[in-house]
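J.: just to be clear, the model below is a prediction. Sequence and coordinates:
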Amino acid sequence: MTDTTGGAGDEGEGDGEGEGTRAAATPYPGRCPEAARARLLLAYEAYELCELARTAVPVGPHELRRDGTPRVPGAALADAAHLLAAARRLLEAAVVYERLGGAAWQLVGDVLDVPAHTASERYAPAEARFRAGAPEAPDRWWRAHVRRAPGEAARDLDDWVLRHADGDADPGPAPVSGGLP
């Protein structure tokens, strides 16, 4: 169900599996607002960070030597470095989203505990790339997916949230797409 029209284009279609986890209608009958796209990208970066963190929790049956040291030196460090990179992407996406919502560089700097000019130097290029719709690296396919089919991307994240709901609070049937304009 890929849409190449620039809008969601799949209004009212379900996932075809009868699970009832997708929203009944796409939140974007026309063009997806830029800030909503940025929020979807922020949600995706949070998802990706969660998935990376989740894989770091289990201890594999052959991961440790008898003395508890790693069989593959550097593997845990590499996992942690991937998590840190994902956290940086999440922070960058949050800055872009807040800037599209009108946040001044002073606010961004205050929240990050850096001067406003430092925040601007670090994150203005990311904001400019987002606003320009710059092509993404092949490994950043999600940005193109959000640009091409934002409704579908939102429902994909709905499904992920529903699959990972921990039972403490009911996220509702559309925990991502339902909150978007």
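T.: Okay, I see it.
J.: which other helices and strands contact the lowest-mean-pLDDT helix or strand in the chain?
T.: The weakest-scoring helix or strand in the chain, judged by mean pLDDT, DSSP states H and E, is helix 141-148 (a mean of 84). Secondary structure elements in contact with helix 141-148, counted by 3 or more CB pairs under 8 Å, 6 or more residues apart in numbering; DSSP states H and E, are helix 34-56, helix 150-163. To be clear about C-beta, it is placed using only N, CA and C from the backbone, and glycine gets the same treatment.
J.: and the ones you listed: which comes nearest residue 93?
T.: Comparison of the helices and strands packed on helix 141-148 against residue 93 by CB to CB identifies helix 34-56 as nearest, at 4.3 Å.
J.: got the angle for the closest one vs helix 150-163?
T.: Relative orientation of helix 34-56 and helix 150-163, computed by axes from the mean of the first three to the mean of the last three CA atoms, to 10 degrees: 30 degrees.
J.: chain center to helix 34-56: distance?
T.: Using CA atoms, centre = their mean, to the nearest Å, the mean C-alpha position of helix 34-56 is found 2 Å from that of the whole chain.
J.: check which residues of that helix are buried.
T.: Buried residues in helix 34-56, counted by 16 or more other CB atoms under 10 Å: 35-49, 52.
J.: from the residues you listed, which single one is nearest residue 165?
T.: Of all these, residue 165 sits closest to residue 47, with 13.5 Å by CB to CB.
J.: what's the closest non-adjacent residue to that closest one?
T.: Nearest residue to residue 47 in three dimensions, chain neighbours excluded: residue 160, at 5.8 Å (CB to CB, 6 or more residues apart in numbering).
J.: which one's the longest helix in the chain?
T.: Criterion DSSP state H: the longest helix present in the chain is helix 75-100.
J.: what's the angle from that one to helix 141-148?
T.: 30 degrees.
J.: of all the residues in helix 75-100, which ones are buried?
T.: Buried residues in helix 75-100, counted by 16+ other CB under 10 Å: 82, 86-87, 89-100.
J.: want to try TSV for the helices and strands packed on helix 141-148, with mean pLDDT and distance to residue 124 as columns?
T.: Shown next, in TSV, are the helices and strands packed on helix 141-148 (pLDDT from 0 to 100; distance: least, CB to CB, whole Å):
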stretch	mean pLDDT	distance to residue 124
helix 34-56	93	15
helix 150-163	91	24
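J.: out of those helices, which gets nearest to residue 170?
T.: helix 150-163 (10.0 Å).
J.: okay, the closest one in PDB with CA atoms only?
T.: What follows is helix 150-163 as a C-alpha-only set of coordinates in PDB (Å, rounded to 0.1, in the frame of the first residue of the first chain):
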ATOM      1  CA  PRO A 150       2.600   9.900   5.900                       C
ATOM      2  CA  GLY A 151      -0.700   8.200   6.700                       C
ATOM      3  CA  GLU A 152       0.800   4.700   6.100                       C
ATOM      4  CA  ALA A 153       3.900   5.600   8.100                       C
ATOM      5  CA  ALA A 154       1.800   6.800  11.000                       C
ATOM      6  CA  ARG A 155      -0.200   3.600  10.900                       C
ATOM      7  CA  ASP A 156       3.000   1.500  10.800                       C
ATOM      8  CA  LEU A 157       4.000   3.200  14.100                       C
ATOM      9  CA  ASP A 158       0.500   2.700  15.500                       C
ATOM     10  CA  ASP A 159       1.000  -1.100  14.900                       C
ATOM     11  CA  TRP A 160       4.400  -1.000  16.600                       C
ATOM     12  CA  VAL A 161       3.100   0.800  19.700                       C
ATOM     13  CA  LEU A 162       0.100  -1.600  20.000                       C
ATOM     14  CA  ARG A 163       2.400  -4.600  19.700                       C
END
